[in-house]
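Participant: mind folding the following:
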Amino acid sequence: MGSYEEIFRSSVEDPAGFWLRAASDLDWHVAPTRALDESNPPFYKWFPDGELNVAHNALDRHVDAGHGERAALIYDSPVTGTTRTYTYAQLRDEVATFAGVLRDQGVGHGDRVVIYMPMVPEAAIAMLACARIGAIHSVVFGGFAAKELAVRIDDAAPTVMVSASCGIEGKRVIEYKPLLDKAIELATHKPARNVVLQRPQAEASMGADDVDWAAAVATATPADPVPVASTDPLYVLYTSGTTGKPKGVVRDCGGYATALAWSMPNIYDVGPGETIFTASDVGWVVGHSYIVYAPLLAGATTVLYEGKPVGTPDAGQFWRVVAEHGVKSLFTAPTAFRAIKKEDPDGEYTGQYDLSGLKYLFLAGERLDPETYRWAADLLGIPVIDHWWQTETGWPVAANPAGIELLDIKPGSPTRPMPGWDIEILDETGRPTETGVDGAIVAKLPLPPGAFPTLWNDEERYVNSYMKAFEGYYLTGDGGHLDEDGYVFVMGRTDDVINVAGHRLSTGGMEEVLASHADVAECAVIGVADTMKGQVPRGFVVLKAGVDGTAEGYEDRLRDDLVAMVRDQIGAVASLKDVAIVPALPKTRSGKVLRKTMRGIADGADEPVPSTIDDATVLDTLRSVLRRE
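Facilitator: As a prediction, the model looks like this:
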């Protein structure tokens, strides 16, 4: 197989040969003879003469090979007290039948289906059913606001909506049907039908255009897989946090399936019959890639979890899932571990479960601060692997390839670029920065298979947003640097770099310092407007469970400690003087801290509540803290 260096070098020196070999691991209706169509840059097309079906590769291929009784998907729902296992044969049959339902509702090749579901197996079944008949799915996070759902309905123009009567967020039952009805009322485009899964926690009232999931499945004839072009869209996924017209990231079929099939054994070290638990949501790219498609393409077992890292009912649920289902690789966001650390700072829940089968912890979705890395590594005694990627890229840009060789881990770095990702750091003029100097992180074109080939119905925006800043490069929007060993250090979004009296400083570096304090569970640093210095940093910290932040003089002592630590480790130029204790940080439902919103509030703007926010009351608390100051 070769070393990491050999494999990476092969991918950039001979990308056509490398990816054609990788593609040969899939079943193709028409095998590709060309790797890449470069005739219309930056709109590159992978395997342009190939035809396949992604759902066939995820399910039928394994059943046909005699593995139908292997566990494909384990549904674990502590919020409903339900656990259910689907074999590959069972999941194939359920997907084929629901594909028949969609076909009966008029859905065909190239039509869109918007899926608005909680974390239940039917969400994955609906996604795969679309892929089976060549339809394009667009999953919108269950419980998303009606107005935002309406915008996505208008952009995707679906033939059919697939939804459920409700979702369960912690201890709250959220009825989806009223939100769906309101969204359709607001939308200009009207879907022909809405297929609704009735859940016992809340039954939806049905209208003339509504179809009951169970009733439709009972009378449907299963559909066979439809071969489609490798370059046909598999799905459209709208980027989180967008306002106005959303950006619909398009994912192709052949390139995506090839990249994911390569990534499972090589990055995550998970193969046929082994189990991966990706604690995310199918509303996000992580759920698409590593709850649904990649594990099934690899013939592995995937855990679909309906619950939270804490509070459903306790901070030990991830460990319970790992122990009960024999999980080899756990993949979640750093914010989930910070939540667990806050509730269980000594990691006592791990003692209640047998975690001997857990070999790796993978973290992504936001920057992994070194303190959270150390806490998790010390607690679990296994490799804790930070890796970096985006909705647009579809799979990891930088990672530690556990299935090839485990490279040295450097806290604060997602390690090295993965095959096909030719990463450079450029300054504002487009010149490469020196080793260790921060700049814009870019990837040389063409991007490897799996990355987005365009935006839905908006090629101009694709070029202007991502491809125009630096000729021949994809602008990631993240800033950071490469070290002398070629390790990537992602310090945050480029708009999280602040300018203090002419000095460009990364808020990520300051957050690293604050997070290392023994009492701090998580933190955020933002730059706020200052008449003298242009911007100055302000810190916000959440304390670990058991720390009494209300004790007399405590907040002043903590602030003095943190300011002194930043001055000592970054320098007086950082000019950090304000640090406030808050009960929680405002985040998206995928766990990203809403720093842009925090900056607006701190600068006194009438900041709107973002559509992707997890808990809007956190913003009210933040506003009151800033008013007190």
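Participant: per-residue pLDDT, L52?
Facilitator: Reported pLDDT at L52 in the predicted model: 98.
Participant: relative to M127, how far out is it?
Facilitator: L52 is 17 Å from M127, where distance means C-beta to C-beta, to the nearest Å. Placement of C-beta: from N, CA and C, glycine included.
Participant: next, D478: phi, psi?
Facilitator: The phi and psi values for D478, taken as degrees, to the nearest 10, are phi -100, psi 150.
Participant: pretty sure it sits against I441.
Facilitator: Yes. Assessed by C-beta atoms under 8 Å, D478 is found in contact with I441 at 4.8 Å.
Participant: compare L52 and M127 and say which is more crowded by neighbours.
Facilitator: Neighbours per residue, other C-beta atoms under 10 Å: of L52 and M127, the larger number sits with M127, 30 against 26.
Participant: quick one: residues contacting that one.
Facilitator: Counting by C-beta atoms under 8 Å, 6 or more residues apart in numbering, M127 touches 115, 137, 139, 235, 282, 288, 292.
Participant: before we move on, the earlier item: residues that sit against both of D478 and I441, list them.
Facilitator: V490.
Participant: so for those two, which sits in the more crowded spot?
Facilitator: Neighbours of D478 and I441, each counted by other C-beta under 10 Å, are more numerous for I441; the result is 27 against 19.
Participant: how far off centre is the strand or helix carrying the more buried one?
Facilitator: If you go by DSSP states H and E, I441 is part of strand 439-444. Here strand 439-444 is found 20 Å from its chain centre; the criterion is C-alpha atoms, centre = their mean, to the nearest Å.
Participant: which residues does the helix or strand just after that strand contact?
Facilitator: Note on strand 439-444: by DSSP H and E, the next helix or strand toward the C-terminus is helix 459-462. If you take C-beta under 8 Å, 6+ apart as the criterion, helix 459-462 is touched by 42-43, 247, 452, 454-455.
Participant: try 7 Å
Facilitator: Contacts with helix 459-462, where a contact means C-beta atoms under 7 Å, 6 or more residues apart in numbering, come from 247, 454-455.
Participant: distance of the residue sitting furthest away from the middle of the chain from V579?
Facilitator: Distance from the C-alpha centroid of the chain peaks at E552, with 41.1 Å (C-alpha atoms, centre = their mean). Here E552 is placed at a distance of 18 Å from V579 (C-beta to C-beta).
Participant: count the residues that sit near V437.
Facilitator: Neighbours of V437 (other C-beta under 10 Å): 11.
Participant: what about the residue lying closest to it once chain neighbours are set aside, which helix or strand?
Facilitator: Counting by C-beta to C-beta, 6 or more residues apart in numbering, the nearest residue to V437 once its immediate chain neighbours are dropped is H481, at 5.8 Å. Using DSSP H and E, H481 maps to strand 473-482.
Participant: in its sheet, what does that strand sit against?
Facilitator: strand 439-444 (antiparallel), strand 488-493 (antiparallel) (DSSP bridges).
Participant: before we move on, back to that, only alpha carbons, please: show the strand holding I441 as CSV.
Facilitator: Taking Å, rounded to 0.1, in the frame of the first residue of the first chain, the C-alpha atoms of strand 439-444 are listed here in CSV:
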residue,chain,number,x,y,z
GLY,A,439,-2.1,33.4,5.6
ALA,A,440,-5.1,32.2,3.6
ILE,A,441,-5.3,28.4,3.3
VAL,A,442,-5.9,27.5,-0.4
ALA,A,443,-6.0,24.3,-2.4
LYS,A,444,-4.6,24.0,-5.9
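Participant: contacts for that strand, please.
Facilitator: 397, 421-427, 433, 470, 472-476, 478-481, 490, 494.
Participant: helix or strand next in line after the helix or strand of the chain with the lowest mean pLDDT, which one?
Facilitator: The helix or strand of the chain with the lowest confidence, counting by mean pLDDT, DSSP states H and E, is strand 503-506 at a mean of 62. Moving toward the C-terminus from strand 503-506, the next helix or strand (DSSP H and E) is helix 507-515.
Participant: quick one, strands of the stretch 201-350 of the chain?
Facilitator: Counting by DSSP state E, counting those that start in this stretch, the stretch 201-350 of the chain has strands at residues 210-212, 228-229, 233-238, 248-252, 275-278, 301-305, 327-332.
Participant: which of these sits closest to K177?
Facilitator: For the strands of the stretch 201-350 of the chain, the distance to K177 is smallest for strand 210-212, at 8.2 Å, taking C-beta to C-beta.
Participant: sheet partners, orientation included, of that closest one?
Facilitator: When DSSP bridges is applied, strand 210-212 pairs with strand 193-197 (parallel).
Participant: now the partner strand: mean pLDDT?
Facilitator: Mean predicted confidence for strand 193-197 is 98.
Participant: pull the residues that contact it.
Facilitator: With C-beta under 7 Å, 6+ apart, strand 193-197 has contacts from 101, 105, 122, 160-165, 177, 180, 204, 206, 209-213, 216.
Participant: restricted to helices, list the residues you listed.
Facilitator: 101, 122, 177, 180, 213, 216 (DSSP state H).
Participant: remind me which residues of this protein are low pLDDT?
Facilitator: Across the chain, residues meeting the criterion (pLDDT under 70) sit at 1, 240-244, 494-504, 506, 531-534, 571-573, 590, 611, 626-629.
Participant: tell me the domain ranges of it?
Facilitator: 4-307+387-480, 501-628 (automatic domain parsing).
Participant: gap between the two ends of stretch 75-89?
Facilitator: Criterion C-alpha to C-alpha, to the nearest Å; first-to-last residue distance in stretch 75-89 is 16 Å.
Participant: just stretch 427-445 next, same as before
Facilitator: One end of stretch 427-445 to the other measures 18 Å (C-alpha to C-alpha).
Participant: buried residues of that stretch, list them for me.
Facilitator: Residues 433, 438-443, 445 are the ones in stretch 427-445 that count as buried (16 or more other C-beta atoms under 10 Å).
Participant: and for stretch 474-492?
Facilitator: Within stretch 474-492, the residues that qualify as buried by neighbour count (16+ other C-beta under 10 Å) are 474-482, 487-492.
Participant: between those, which sits nearest R595?
Facilitator: Distances from R595 to the buried residues of stretch 474-492, taken by C-beta to C-beta, are shortest for G492, at 8.1 Å.
Participant: the closest one pairs with what?
Facilitator: G479.
Participant: show the contacting residues for it.
Facilitator: Neighbours of G492 in contact, by C-beta under 7 Å, 6+ apart: 367, 478-479, 506-508.
Participant: can we see that at 8 Å?
Facilitator: 367, 478-480, 506-508.
Participant: now these in JSON lines, with distance to A339?
Facilitator: JSON lines is the format used below for the contacts of G492 (distance: C-beta to C-beta, whole Å):
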{"residue": "R367", "distance to A339": "16"}
{"residue": "D478", "distance to A339": "23"}
{"residue": "G479", "distance to A339": "26"}
{"residue": "G480", "distance to A339": "25"}
{"residue": "S506", "distance to A339": "24"}
{"residue": "T507", "distance to A339": "21"}
{"residue": "G508", "distance to A339": "20"}
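Participant: could the strands paired with strand 473-482 be laid out in CSV, adding distance to H62?
Facilitator: Below are the strands paired with strand 473-482 laid out as CSV (distance: least, C-beta to C-beta, whole Å):
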stretch, distance to H62
strand 439-444, 33
strand 488-493, 34
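Participant: going by distance to L149, which of the ones in helices among the contacts of strand 193-197 wins?
Facilitator: Among these, and counting by C-beta to C-beta, the member closest to L149 is L180, at 7.2 Å.
Participant: do I have it right that the closest one meets M161?
Facilitator: Yes. Counting by C-beta under 8 Å, L180 touches M161, with 6.5 Å between them.
Participant: list residues touching both of these two?
Facilitator: The contact sets of L180 and M161 overlap at 116, 194 (C-beta under 8 Å, 6+ apart).
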